[in-house]
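Chemist: Build me a model from this:
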Amino acid sequence: MINENGSTGKNESASPTGKRRALIELAVAYALILLVIWTPRPQQRFLWLLAAGTVAAMVCFSFDNLNALGVRRKNFFRSLWVVGVALATAAIAISVSSSLHTLGLATPGAEDASGWGEFSHSAKLVAQTYWGYALWTFLQQFLLQGFFLLRLLRLLPGPKSAGLVAAGMFALAHLPNPILTAVTLIWGFAACMLFQRYRNLHTLSMAHAIFGITLAITIPGPMIHNMRVGLGYLTYSHPHTAAVLSQPQRPNRVH
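Modeler: Numbers count the residues shown, from 1 in each chain. Next comes the predicted model:
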């Protein structure tokens, strides 16, 4: 069983057999994830279930303890500063986006001059739209640190090299989206280093959710393709553009 620091001491993962198993698990899981990303629907749904079931089986079979996986309360408050940094970064990005008129939030009604209607309506809109994404960020962090990073630590000589490879794999899974690929490479490496220091997934997933939602609401959809990756990025069509193209062109149309 793996200990809190991700090392295994005298267990089988330090042996050639354990390392071979870690390598096979990494290769199979990553291949399935890439297949999901690059496969069209409806086949994608079947592959998603297959990938999720396979990774879940690997995790259950290896039975890494919850402390090693980072699913714990310890160090939550010590690492809460990461969430604070994410919130500060989000505030700056939202301020810049608002000044550039690219902020993807609802504007206040003419009857509400106080601005409170804008805040409450926008907060409600964000909560309704992104609550599922917030849950997904936890699963992504679990995959990145609890699955890939822990196995790479068994295969590579040092924590930095393991973190860099894990971040690289994370970023490559976001191709061909250039913005998400660059952002996930930086965040992936930082998250891997923070995970090895604090061993807490909760604050990392919270920060991940804040960063992701900030990107979604501050960068125009056509530029970031609504956060899509893989085949979805290549086949993306802006809803407004698609609607206009599907309708007869009318001169002097009032929008």
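Chemist: from here on, contacts and neighbour counts on C-alpha atoms
Modeler: Noted.
Chemist: SS state for Y236?
Modeler: Of the three states, Y236 takes coil according to DSSP: H, G, I helix; E, B strand; the rest coil.
Chemist: what are the ranges of the helices in the stretch 151-255 of the chain?
Modeler: 159-172, 178-198, 201-218, 221-224, 230-234, 239-245 (DSSP state H, counting those that start in this stretch).
Chemist: L100 is nearest to which of those?
Modeler: Taking CA to CA, helix 201-218 is the member of these nearest to L100, at 9.5 Å.
Chemist: what's the distance between the closest residue to M206 other than its chain neighbours and W187?
Modeler: Once flanking residues are discounted, M206 sits nearest to V83: 6.5 Å by CA to CA, 6 or more residues apart in numbering. Distance from V83 to W187, counting by CA to CA, to the nearest Å: 13 Å.
Chemist: so T54 is in which element?
Modeler: Counting by DSSP states H and E, the element that carries T54 is helix 43-62.
Chemist: helices or strands next to that helix in the packing?
Modeler: If you count contacts as 3 or more CA pairs under 8 Å, 6 or more residues apart in numbering; DSSP states H and E, helix 43-62 packs onto helix 16-37.
Chemist: how about the helix it packs on as PDB, C-alpha atoms only?
Modeler: C-alpha atoms of helix 16-37 as PDB (Å, rounded to 0.1, in the frame of the first residue of the first chain):
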ATOM      1  CA  PRO A  16      10.300  -4.400 -11.600                       C
ATOM      2  CA  THR A  17       6.900  -6.100 -11.500                       C
ATOM      3  CA  GLY A  18       5.300  -3.100  -9.700                       C
ATOM      4  CA  LYS A  19       6.800  -0.600 -12.100                       C
ATOM      5  CA  ARG A  20       5.700  -2.700 -15.100                       C
ATOM      6  CA  ARG A  21       2.200  -2.700 -13.700                       C
ATOM      7  CA  ALA A  22       2.200   1.100 -13.200                       C
ATOM      8  CA  LEU A  23       3.500   1.600 -16.700                       C
ATOM      9  CA  ILE A  24       0.800  -0.600 -18.200                       C
ATOM     10  CA  GLU A  25      -2.000   1.100 -16.200                       C
ATOM     11  CA  LEU A  26      -0.700   4.500 -17.300                       C
ATOM     12  CA  ALA A  27      -0.600   3.500 -20.900                       C
ATOM     13  CA  VAL A  28      -4.100   1.800 -21.000                       C
ATOM     14  CA  ALA A  29      -5.800   4.600 -19.100                       C
ATOM     15  CA  TYR A  30      -4.200   7.400 -21.200                       C
ATOM     16  CA  ALA A  31      -5.000   5.600 -24.400                       C
ATOM     17  CA  LEU A  32      -8.600   5.200 -23.400                       C
ATOM     18  CA  ILE A  33      -8.900   8.900 -22.400                       C
ATOM     19  CA  LEU A  34      -7.500  10.000 -25.800                       C
ATOM     20  CA  LEU A  35      -9.900   7.700 -27.600                       C
ATOM     21  CA  VAL A  36     -12.800   9.300 -25.800                       C
ATOM     22  CA  ILE A  37     -11.600  12.800 -26.700                       C
END
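Chemist: just for the stretch 101-250 of the chain, where's the confidence low?
Modeler: Applying pLDDT under 70 to the stretch 101-250 of the chain flags the ranges 105-129, 239-250.
Chemist: The helix holding T54: what's the following helix or strand?
Modeler: Immediately after helix 43-62, counting by DSSP H and E, sits helix 66-69.
Chemist: Could you name the helices and strands sitting against the helix or strand just after that next one?
Modeler: Counting by DSSP H and E, the element after helix 66-69 in chain order, helix or strand, is helix 81-99. Under the contact criterion of 3+ CA pairs under 8 Å, 6+ apart, helix 81-99 touches helix 201-218.
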